[in-house]
Every structure is written in C-alpha cells, then in structure tokens.
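Take this sequence and fold it.
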Amino acid sequence: MPKLSLQLKNIVKAYGAVPVLKGVSVDAEEGEFVVLLGPSGCGKSTLLHAIAGLHPIDSGDIVIEGRSVTDMPTRDRDVAMVFQSYALYPNMTVAQNIGFPLRMRKIPAAEIASRVGEVARLLQIEPLLERRPRELSGGQRQRVAIGRALVRDPKVFLFDEPLSNLDATLRVETRSEIKRLHAQLGKTMIYVTHDQIEAMTLATKIVVMNKGDIQQIGTPHEVYHHPANLFVARFVGSPTMHMFAGTLVKGADGISFDDGKGWRVPVQGVDPIAAGQAVLLGLRPEHIVLAQPGSGESATVESVEPTGPEDNVVLTIRGQEAIARFPTGSVEAGSTVAVTLDIAKASLFAADSGLRLN
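The predicted structure follows:
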C-alpha cells in the first residue's frame, strides 16, 4: 500500500463570516506531484498556506507522514515553500540565500557549503553563487528560491504559483526544470496554480477547487477527458468545452440525445432511468473535425483565430456556436464546411445539478 506523505482531513477555514475552505480533504502519496487548480479566490492558496502553518485553520487535521502538525509552528512541520515573489534577501549572495535555512538551524559551515554546492549543481546555477538577486533574471531568481527550499530536504515541497511572475519563455523553461527536479528527487510536491497548462504538464494528481470546495480529484487525463461536473468541464481546457442543450430519450436502440430541433444521436454509458432528463452534451474542440463536403454536419465558419500550428475556429452548428481546432489555413471566415462530431467522446451532464451522467 502506498505511503501517505500528506493528509488533509476536513479542513475548514473562514475569514469572519466568509467561508474560504468548506471541509476540504485530500491525500497525497509519497512522491506525488499534486496540483491545486482553480480560479482566483477558490481557496487553493489558503489551503497551501494552511499546510505550511502560515494560516491557522478553524477545524480539521493536517497530517504529514502520520504525524498531526495542525497545531505545530511552521518551523517544526518539515515543509519548504517556494513563493510567487521569490522572497530572496537582496543583501545576500545566491549561496548565502540558499544556505540561509541551514544557518538558522546552526548547521556547521562546511556542511552548509557542501549542501549548497549540491543544490547549485542540481539546478545548474553554480556560476551564480557569488551574485546578488539584483544581478539575476527572473528565472534565475526563481531557481535560487527553489534551491533554498531544496537545501532543507523537507518531507513536502510547497509551491505557491511560482511561475506567475515570469514571461512566457521563462515559464516554459522553469516548468520543465521543476518537472525534472520532481522526477529526479521523487519528493512529494504540492503546487498551486490557476494555469491549467501548468497543471496538466506537471501533475500526477490534480485537485480542482471552486469556492472553497473540491470539484474533482484525478489524474490530468481523468480531469480533462472525464470531468466530474460542468464547472470542471468548462474550467479545464482551452478553448473550453462546448455544451449542446437537449433531452435524453429512450428508443429501440437505447438512449439518445435529442436537441428538440431534429438532431438525435445515440449516447453510451447512460443509465436508462435518466430518460426524459434535460441534459447538456459537451464536446471538446478536438471532437469537432473537418469532414468531406456533403458528409457529417454543415457548419458556418464565423471567425478564425490563428495560434500558430492550429487555428481556433468559431463555428455555428445547428444554430449554436462552438469552437474547433483546425489545421492552420484550412478554413476561411464566412465559408460553410462539413464537420464530424465525435459523439462517442462526448460528456453528458444533468442540466439541473451539473453532474456528469456518463
């Protein structure tokens, strides 16, 4: 049975009368990369800060490697945090910044120098050790901040949107660096972001949050391809999943989706008891593909947004607008094209509750 590095048990937190965390429970196995994903204000940073001991919780329990740390000060929790703002000491060199946590623990100078050297080699920042933060780029500063966390060798690493201050190129480079470090170290990492690309590329487990509640916990594949509800379906994925409104009807061939305007398609994995229920049929952009003229569904191209290798294309299909991704230059605005809808990969949601039905 996998060893649990971190257990969050029914964490509740409010600021005055405003609930921020509404009974959040998450388990992180040893070596997992868990991403807390959600929009601003969903409670993900508050949860991370609670793990670190920076914010006291109202109720619940935080357990690290079988030991409750809920009432322990930050210094005794054996966690290390990487902040969005780097939080480096401007008057210290890179080597001094990285070694600072060890000096606070009264570690001998020779051991500090050795461990700082190891971390610098791991992060490939050895030539920077005598520089000060003002002499570094944003990406280099973030590496130093990561190095300061690494040198402590904690049980759990905490990352609070560490890439949000970097430009696009540095974000990609630093994201790859963090992924490499995780693979190399095998340490448990908890990472907060609102960026779904970061979540999909880094995580072994994604925790999708909204308004202080967990919406879904799963692998990147599960969260993207099998969203638990409408919020997850719409939040994860860019462009977002498009929803066709309709009703489930029962026929001789099983359950079908009917939009009430003459479009009826069979759907799989739905309990027959759901017949008659108002639903939303969700399709990702890649589930809408170009077809040979005269086949499939007729669609009008409303607009084309080039993104490089592909175009985001706004289509009107059966009176509704949907977004597809087509090869660059394959269609023009104002034209009529034939498309095939991959209904076998569609997600079905109850119109009232928003819960997934298939």
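
can you give me the end-to-end distance of stretch 144-161?
One end of stretch 144-161 to the other measures 15 Å (Cα to Cα, to the nearest Å).

That one: which residues count as buried?
When burial is assessed from 16 or more other Cβ atoms under 10 Å, stretch 144-161 yields the following buried residues: 144-152, 154-161. C-beta here means a position set from N, CA and C on the backbone, and glycine is covered the same way.

How far off centre is that stretch?
19 Å (Cα atoms, centre = their mean, to the nearest Å).

now stretch 136-154
With Cα atoms, centre = their mean, you get 22 Å for stretch 136-154.

go on, stretch 103-120?
34 Å.

Identify all contacting residues around that stretch.
94, 95, 98, 99, 102, 126, 128, 129, 147, 150, 151 (Cβ atoms under 8 Å, 6 or more residues apart in numbering).

cool, and stretch 59-72?
The set of residues external to stretch 59-72 that reach it, using Cβ under 8 Å, 6+ apart, is 3-12, 23-24, 50-51, 53, 57, 76-79, 155-156.

Give me the mean pLDDT for it.
Taken as a whole, stretch 59-72 has an average pLDDT of 97.

and it, C-alpha only, in PDB?
Extracted C-alpha coordinates of stretch 59-72, given in PDB (Å, rounded to 0.1, in the frame of the first residue of the first chain):
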ATOM      1  CA  SER A  59     -11.200  22.800  12.200                       C
ATOM      2  CA  GLY A  60      -9.800  19.700  10.600                       C
ATOM      3  CA  ASP A  61      -6.400  18.000  10.700                       C
ATOM      4  CA  ILE A  62      -3.200  18.300   8.700                       C
ATOM      5  CA  VAL A  63      -1.100  15.100   8.900                       C
ATOM      6  CA  ILE A  64       2.400  14.800   7.400                       C
ATOM      7  CA  GLU A  65       3.900  11.200   7.300                       C
ATOM      8  CA  GLY A  66       1.400  10.000  10.000                       C
ATOM      9  CA  ARG A  67       2.100  12.900  12.400                       C
ATOM     10  CA  SER A  68      -0.500  15.600  13.000                       C
ATOM     11  CA  VAL A  69       1.100  19.000  12.500                       C
ATOM     12  CA  THR A  70      -2.100  21.100  12.800                       C
ATOM     13  CA  ASP A  71      -1.100  22.900  15.900                       C
ATOM     14  CA  MET A  72       2.700  23.000  15.200                       C
END
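
Quick check: buried residues in that stretch?
60, 62, 63, 64, 69, 70.

So the first one, which state does it fall into?
With DSSP: H, G, I helix; E, B strand; the rest coil as the basis, residue 60 sits in strand.

what's the nearest residue to it if we skip its chain neighbours?
Residue nearest to residue 60 in three dimensions, not counting chain neighbours: residue 11, with 3.9 Å by Cβ to Cβ, 6 or more residues apart in numbering.

tell me which element the residue nearest in space to the middle of the chain falls in.
Centroid-nearest residue in the chain, with Cα atoms, centre = their mean: residue 199, separated by 3.0 Å. Assigned by DSSP states H and E, residue 199 belongs to helix 196-202.

likewise residue 111?
Residue 111 is part of helix 109-123 when elements are defined by DSSP H and E.

Quick check: what element follows that helix along the chain?
helix 138-150.

Using CSV, lay out the buried residues of stretch 59-72 together with distance to residue 294.
Output for these, formatted as CSV (distance: Cβ to Cβ, whole Å):
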residue, distance to residue 294
60, 60
62, 61
63, 62
64, 62
69, 65
70, 65
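
Can you give me the distance of the closest residue to residue 24 other than its chain neighbours to residue 218?
In space, and not counting its chain neighbours, residue 24 is closest to residue 11: 4.5 Å by Cβ to Cβ, 6+ apart. Residue 11 sits 19 Å away from residue 218, going by Cβ to Cβ, to the nearest Å.

Looking at the two, which is more packed in?
Counting neighbours by other Cβ atoms under 10 Å for residue 11 and for residue 218 shows that residue 11 has the greater number, 25 against 18.

how much space between residue 352 and residue 274?
Separation of residue 352 from residue 274 (Cβ to Cβ): 12 Å.

In terms of packing, which of the two has more residues around it?
residue 274 (16 against 9).

Surely that one and residue 255 touch.
Yes - the pair formed by residue 274 and residue 255 meets the contact definition of Cβ atoms under 8 Å, at 7.1 Å.

what residues are shared contacts of those two?
Residues touching both residue 274 and residue 255 (Cβ under 8 Å, 6+ apart) are residue 248.

rewinding a little: counting by contacts, list what the helix or strand the residue nearest to residue 60 falls within packs against.
Applying DSSP H and E as the criterion places residue 11 in strand 4-15. Applying 3 or more Cβ pairs under 8 Å, 6 or more residues apart in numbering; DSSP states H and E, we find strand 4-15 packed against strand 18-29, helix 44-52, strand 59-64, strand 188-193.

Need the winner for burial among the ones you listed.
Mean neighbours per residue, mean count of other Cβ atoms under 10 Å, is largest over these for strand 188-193, with a mean of 26.

Helix 138-150 and that strand, what's the angle between them?
Interaxial angle, strand 188-193 versus helix 138-150 (axes from the mean of the first three to the mean of the last three Cα atoms, to 10 degrees): 140 degrees.

distance between strand 188-193 and the chain's centre?
The answer for strand 188-193 is 9 Å, by Cα atoms, centre = their mean.
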